[in-house]
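Visitor: From the sequence below, what's the structure:
(one chain, ligands or ions: 1)
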Amino acid sequence: MELPFPERGGLWDVLIAGAGPAGSMAALELAQAGCEVLLIERSRFPRQKVCGCCLNLAGVSILGNARVDLPGLFPRLQGLDAVVIEVQGRSTSLRLPGGYAISRGLLDSVLAERASDVGAVFLDGTQGRLMSNRDGRCRVKLTSGGSEAIVEARVVLCADGLQGTFLKRFPEFEPIIASQSRLGLSTIIESDSVTQPGPGLIRMAVGRAGYVGRVRLEEGSLAIAAAVDSRALAGSSPCQVVRKILAEAAGLDVDLSQAKWQGTQPLTRSRPALGGRNLFILGDAAGYAEPFTGEGMAWSLIQGKRIAPLAREALEGWNPSLLKSWEEDYRRIIGRRRSACRLLSLTLRSPTFCRGVVAALSVAPNLLNPLLMGMNRADLKGMGAP
Ligand SMILES: Cc1cc2nc3c(=O)[nH]c(=O)nc-3n(C[C@H](O)[C@H](O)[C@H](O)COP(=O)(O)OP(=O)(O)OC[C@H]3O[C@@H](n4cnc5c(N)ncnc54)[C@H](O)[C@@H]3O)c2cc1C
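Guide: Now for the predicted structure:
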């Protein structure tokens, strides 16, 4: 394949695999700091991916801090205020202000473009695979449209998400999947009055087989995303499972037979290590918990920002303390938020328990506020916030 900038001899400061929020944010930060960055992405952009498309306040703040002003760029974006939980025909509303609904086709393209604007080289339609990591050089095989090339980088960031293939040759990084982990599903359909969530609202229907979120996107279409039990999918199609959950929780009868679904592998997972010599793993690739509403992208953006100073230090010379710092930072920043998310997703696993919570919230509406606000807030300290 033809490589950009052949005069560089195929050697880059930093190669980043995966142009989701984690990879593109890291590319933006590192290129802005003067590093020679190659950002590779397996899909052709713009691409959709499995996601509920709700970016929370933390994510919006981090993007604003990186001069990506989403509401300024796209005035038709739908602002989000609250999430409505629907279970066994009842519902309650929880405040979750400051977020936006945005399709991943749009958001990820804007971010990758911003990284290119500040000097990162972006190759979409290009799959990467780490081949070796020796003598301070990481060798990466790139494959694009049937042709191949080898490039080298002094530091590599693996931000290839839940279904990444970048580290396939290295069994020591094989993800550890949690038992009874649910699978992710999503689709985007033309919206109608039946499925409309209402302005500023995320609707979350909780059923026995899983939960289904829906939100209105920038062009009026509807994003539907779900976390469902693998057993429910064994004998039914995604469309049937989602339809059943919506009927059971919210009394809706929605024809989803024309929808094109994308799915994931089991969601809840972790890695035995978050990197190795000259290698850092970040974003969903580092670990994931079942989503609630709008945490995943914010977590990945935070990680993309926080990895940049460590990657720059690694360019000066590798020291194992850099990986230790990353693992500690990851636990501190993400671990606490993820525990809150796990707690909420446990509630969403039992419709009966969830109905009890909905009843309790009708008496004490602020019961979950501290937990939700903690998940929604961005801590920009130490991230160059003005
Ligand atoms: C059902 C569901 C609903 C969700 N809803 C929300 C929500 O509403 N709000 C929210 O904030 N989060 C949500 N999330 C989580 C969110 O989608 C992820 O946390 C987020 O996309 C992670 O970003 P990332 O950059 O780490 O990885 P990704 O966004 O997955 O990006 C990784 C990229 O790497 C690419 N890639 C993979 N392998 C290679 C390779 N070998 N070489 C090159 N490129 C490669 C992939 O094509 C992909 O584009 C949801 C997740 C699920 C499963």
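Visitor: where do the helices sit along this structure?
Guide: For the chain, applying DSSP state H gives helices covering 21-32, 57-65, 70-73, 104-117, 230-234, 238-250, 296-316, 320-330, 336-349, 351-363, 369-376.
Visitor: Turn those into a markdown table, including mean neighbour count, distance to residue 217 and mean pLDDT.
Guide: Bear in mind the C-beta positions are built from the backbone N, C-alpha and C, glycine included. Putting those into a markdown table (neighbours: other C-beta atoms under 10 Å; distance: least, C-beta to C-beta, whole Å; pLDDT from 0 to 100) gives the following:
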| stretch | mean neighbour count | distance to residue 217 | mean pLDDT |
| --- | --- | --- | --- |
| helix 21-32 | 29 | 17 | 98 |
| helix 57-65 | 23 | 16 | 93 |
| helix 70-73 | 13 | 13 | 92 |
| helix 104-117 | 20 | 9 | 97 |
| helix 230-234 | 14 | 25 | 92 |
| helix 238-250 | 21 | 17 | 95 |
| helix 296-316 | 24 | 14 | 96 |
| helix 320-330 | 16 | 31 | 96 |
| helix 336-349 | 17 | 23 | 70 |
| helix 351-363 | 15 | 26 | 76 |
| helix 369-376 | 17 | 20 | 68 |
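Visitor: so which of these comes closest to the ligand?
Guide: helix 296-316 (2.3 Å; C-beta to the nearest ligand atom).
Visitor: Hey, what's the angle from that closest one to helix 320-330? Just curious.
Guide: Helix 296-316 runs at 160 degrees relative to helix 320-330, counting by axes from the mean of the first three to the mean of the last three C-alpha atoms, to 10 degrees.
Visitor: Tell me which other helices or strands helix 296-316 touches.
Guide: With contacts defined as 3 or more C-beta pairs under 8 Å, 6 or more residues apart in numbering; DSSP states H and E, helix 296-316 has these neighbours: strand 11-17, helix 21-32, helix 57-65, strand 147-158, strand 279-281, helix 320-330.
Visitor: ok, back up a step: in CSV, list the helices of the chain along with distance to residue 280.
Guide: Formatted as CSV, the helices of the chain follow (distance: least, C-beta to C-beta, whole Å):
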stretch, distance to residue 280
helix 21-32, 9
helix 57-65, 18
helix 70-73, 27
helix 104-117, 17
helix 230-234, 31
helix 238-250, 34
helix 296-316, 6
helix 320-330, 6
helix 336-349, 18
helix 351-363, 37
helix 369-376, 24
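Visitor: ok, which residues in the stretch 201-350 of the chain are in contact with the ligand?
Guide: 225-227, 264, 267, 283-285, 291, 293-298, 300 (C-beta under 6 Å from any ligand atom).
Visitor: quick one, what contacts residue 38?
Guide: By C-beta atoms under 8 Å, 6 or more residues apart in numbering, the residues touching residue 38 are 4, 12, 14, 15, 16, 120, 121, 123, 151, 153.
Visitor: List only those of those residues flagged as buried.
Guide: The neighbour count (16 or more other C-beta atoms under 10 Å) marks 12, 14, 15, 16, 120, 121, 123, 151, 153 as buried among the contacts of residue 38.
Visitor: Closest to residue 27 out of the residues you listed?
Guide: residue 120 (4.2 Å; C-beta to C-beta).
Visitor: coming back round to it: which stretch among the helices of the chain comes nearest residue 132?
Guide: helix 296-316 (17.1 Å).
Visitor: just curious, which of the residues of the stretch 201-350 of the chain next to the ligand is nearest to residue 353?
Guide: Among these, and counting by C-beta to C-beta, the member closest to residue 353 is residue 227, at 16.1 Å.
Visitor: ok, now which ones touch the closest one?
Guide: 182, 183, 184, 185, 210, 211, 267, 290, 291, 345, 348.
Visitor: residues touching the closest residue to the second one other than its chain neighbours, list them.
Guide: When you say that, I think you mean residue 183. Distances taken as C-beta to C-beta, 6 or more residues apart in numbering place residue 230 nearest to residue 183, at 5.5 Å, with adjacent residues excluded. Residue 230 sits next to 181, 182, 183, 266 when contact means C-beta under 8 Å, 6+ apart.
Visitor: now swap in residue 143 and tell me
Guide: 1, 126, 127, 128, 129.
Visitor: now do 6 Å
Guide: Residue 143 is in contact with residue 127, counting by C-beta atoms under 6 Å, 6 or more residues apart in numbering.
Visitor: Get me the contact residues on the stretch 51-200 of the chain for the ligand.
Guide: 51-55, 127-128, 159-162, 164-166, 184, 186.
Visitor: From those, list the buried ones, please.
Guide: 51-55, 127-128, 159-162, 164, 166, 184, 186.
Visitor: Among those residues, which ones are in strands?
Guide: Judged by DSSP state E, strands contain the following of these: 54, 55, 127, 128, 184, 186.
Visitor: Next one, pLDDT for residue 11 please.
Guide: Here the pLDDT value assigned to residue 11 is 90.
Visitor: Is it bridged to anything, and to what?
Guide: residue 152 (DSSP bridges).
Visitor: contacting residues for residue 102?
Guide: 53, 55, 77.
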